[in-house]
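Undergrad: what would the 3D arrangement of this be:
(2 chains)
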Number of protein chains: 2
Amino acid sequence: MKEEVRQQGPRGGEAAVPGSQAHQELEQPHLRSKPSELQLDFEKLDGLLPAVVQDHHTKEVLMVGFMNREAWEKTLRTGLVTFWSRTRQTLWTKGETSGNHLRVVRLWTDCDRDTVLAEVEPKGPTCHTGARSCFYEEIVDA
Amino acid sequence: MKEEVRQQGPRGGEAAVPGSQAHQELEQPHLRSKPSELQLDFEKLDGLLPAVVQDHHTKEVLMVGFMNREAWEKTLRTGLVTFWSRTRQTLWTKGETSGNHLRVVRLWTDCDRDTVLAEVEPKGPTCHTGARSCFYEEIVDA
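TA: Model prediction:
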């Protein structure tokens, strides 16, 4: 298994550190792309991308929304996370009514470029219920 | 602003800790639900739920996929993250060919119950490129 992991890593065996956990053995590549050079794939989901919002400090996943191209560009332009509201069929800058904005700290896309991850500095609670994160309901098999 | 945050919090002012950051002032509610009692909303996205996969230890977001009801139930049953592959139109247990499974540690759903978050113990790299996480491309405005 170790050999397989090493072979699959983009930087090969040099990333392996003896004695560490599997998830620490791999050095994560880090590509940096300018928005103007980046072709995100909005086609796979009828013009939308899932956008995961993560607290930059705590790494807690706060919410997931969808962005169309306009929402994505507004997010880049303003530095505030903006979604496309599927229910209201309109652009929606998180916090525009509550004041609880999500200020972008870092933005990432995935290997397929069909999903984005926004690391943010949240202002107040993210969830409309007042919870810090929308993910407060655990599914337990007990 | 502090007052507003307190008023919006489901547990009110008692969650506020003097001197801490805004995102730490709010106590996060924690609901626990059994899968059999939980009605996830598969309708909002034509039978699919976005599923965010997060490393349980590092809190790194590893990937995002989609689950239909069958994939969700297989994930619960096997404890291995299983998606619906939109491109191949088939169930896909992550790691079924590479061996790089994602073993479920904790499962969460959000306030709308239309998204799931899986905290996992990843076996080897998650990304098909060999990267630890699929989110290795940063979007930088420089």
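Undergrad: and stretch A:42-58, how far out from the chain's middle?
TA: Averaged C-alpha coordinates place stretch A:42-58 at 5 Å from its chain's average position (C-alpha atoms, centre = their mean, to the nearest Å).
Undergrad: residues of that stretch that come out buried?
TA: By 16 or more other C-beta atoms under 10 Å in any protein chain shown, the buried positions in stretch A:42-58 come out as A:Phe42, A:Lys44, A:Leu45, A:Leu48, A:Leu49, A:Pro50, A:Ala51, A:Val52, A:Val53, A:Gln54, A:Asp55, A:His56. Quick note: C-beta positions are derived from backbone N, CA and C, even for glycine.
Undergrad: out of those residues, who's near chain B?
TA: By C-beta under 8 Å from any C-beta of the partner chain, the members of the buried residues of stretch A:42-58 lying near chain B are A:Lys44, A:Pro50, A:Val52, A:Gln54, A:Asp55.
Undergrad: closest to A:Cys111 out of these?
TA: A:Lys44 (13.1 Å; C-beta to C-beta).
Undergrad: quick check: the closest one touching B:Val64?
TA: No - contact criterion C-beta atoms under 8 Å: A:Lys44 and B:Val64 do not qualify, at 11.8 Å.
Undergrad: quick one, helices of chain A?
TA: A:2-8, A:22-25, A:69-78 (DSSP state H).
Undergrad: could you tell me the least trusted of those helices?
TA: Here the lowest mean pLDDT among the helices of chain A goes to helix A:2-8, at a mean of 32.
Undergrad: quick one: the strands in chain A?
TA: The residue ranges that make up the strands of chain A, judged by DSSP state E, are A:31-33, A:49-55, A:61-67, A:82-85, A:90-93, A:102-109, A:116-122, A:137-139.
Undergrad: turn these into TSV, columns for mean pLDDT.
TA: Rendered in TSV, the data for these read as follows (pLDDT from 0 to 100):
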stretch	mean pLDDT
strand A:31-33	96
strand A:49-55	98
strand A:61-67	98
strand A:82-85	98
strand A:90-93	98
strand A:102-109	98
strand A:116-122	98
strand A:137-139	98
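Undergrad: what about these, which gets the closest to B:Gly130?
TA: It is, among the strands of chain A and with distance given as C-beta to C-beta, strand A:31-33, at 13.8 Å.
Undergrad: got a list of what A:Asp41 touches?
TA: By C-beta atoms under 8 Å, 6 or more residues apart in numbering or on different chains, the contact set of A:Asp41 is A:Leu49, A:Asp112, A:Arg113, A:Asp114.
Undergrad: among the residues you listed, name the buried ones.
TA: Neighbour counting over these (16+ other C-beta under 10 Å) leaves A:Leu49, A:Arg113, A:Asp114 as the buried ones.
Undergrad: ok, so of those residues, who is nearest A:Phe83?
TA: Proximity of the buried ones among the contacts of A:Asp41 to A:Phe83 was ranked by C-beta to C-beta; the top entry is A:Leu49 with 10.0 Å.
Undergrad: just checking, that closest one touches A:Glu73?
TA: No - using C-beta under 8 Å, A:Leu49 is not in contact with A:Glu73; the gap is 12.0 Å.
Undergrad: how many neighbouring residues does the residue of chain A found nearest chain B have?
TA: Taking C-beta to the nearest C-beta, chain B has its nearest neighbour within chain A at A:Lys59, 3.4 Å off. When counting by other C-beta atoms under 10 Å in any protein chain shown, one arrives at 14 neighbours for A:Lys59.
Undergrad: which residues are in contact with the residue nearest the centre of chain A?
TA: Residue closest to the mean C-alpha point of chain A, counted by C-alpha atoms, centre = their mean, is A:Leu117 at 1.4 Å. A:Leu117 makes contact with A:Ala51, A:Val52, A:Gln54, A:Leu107, A:Trp108, A:Thr109, A:Asp110, B:Val61, B:Phe135 under the criterion C-beta under 8 Å, 6+ apart.
Undergrad: got a pLDDT number for the residue nearest to A:Gly124 when sequence neighbours are not counted?
TA: With sequence-adjacent residues excluded and distances taken as C-beta to C-beta, 6 or more residues apart in numbering or on different chains, A:Gly124 is closest to A:Asn100, at 4.0 Å. In this model, A:Asn100 is scored at 97, pLDDT.
Undergrad: again, but for A:Asp141
TA: 84.
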